[in-house]
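Trainee: heads up, no residue letters with this:
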């Protein structure tokens, strides 16, 4: 019964001092809810910011690698070179190679049309 006596004493003290216990409880409850919502929003903001920073760092590194690879590939597609001199394998620009293939195929089509 010690607990009951203490609770009664606190209630009597609050009533004698003019403290509205239900208003205090309501204010503390609202404060707790508002604090919880603020914490949730701060965590969400932090995670979004962290993701944004991570993406900007990783995409910047990818962009540099992508640009390097793309320029290397463009150089390979637009230059002449020797791949294997012993076997006589060379590289030619892709535009020249496409022109050769088109002209060879058109010649073959013309020959097959004439032979029919």
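Mentor: Sure thing, it's come through. None of the values given here were measured: they were computed from a predicted structure. Numbering: from 1, shown residues only.
Trainee: where does this structure have low pLDDT?
Mentor: Counting by pLDDT under 70, the chain shows low-confidence ranges at 1-17, 58-62, 114, 116.
Trainee: how does it divide into domains?
Mentor: As recorded under automatic domain parsing, the domains making up the chain are 26-77, 81-116.
Trainee: for those, give me CSV that also has distance to residue 19.
Mentor: Yep, even glycine has a C-beta here, placed from its N, CA and C like the rest. Listed next are the domains of the chain as CSV, based on distance: least, C-beta to C-beta, whole Å:
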stretch, distance to residue 19
domain 26-77, 11
domain 81-116, 86
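Trainee: from residue 40, how far out is residue 52?
Mentor: When distances are taken as C-beta to C-beta, to the nearest Å, residue 52 and residue 40 turn out to be 19 Å apart.
Trainee: swap in residue 29?
Mentor: Residue 29 sits 17 Å away from residue 40, taking C-beta to C-beta as the criterion.
Trainee: which stretches of the protein form helices?
Mentor: Taking DSSP state H to define them, one finds helices in the chain at 2-17, 21-77, 94-115.
Trainee: got CSV for those helices, with mean neighbour count too?
Mentor: Formatted as CSV, the entries for the helices of the chain read as follows, by neighbours: other C-beta atoms under 10 Å:
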stretch, mean neighbour count
helix 2-17, 10
helix 21-77, 10
helix 94-115, 10
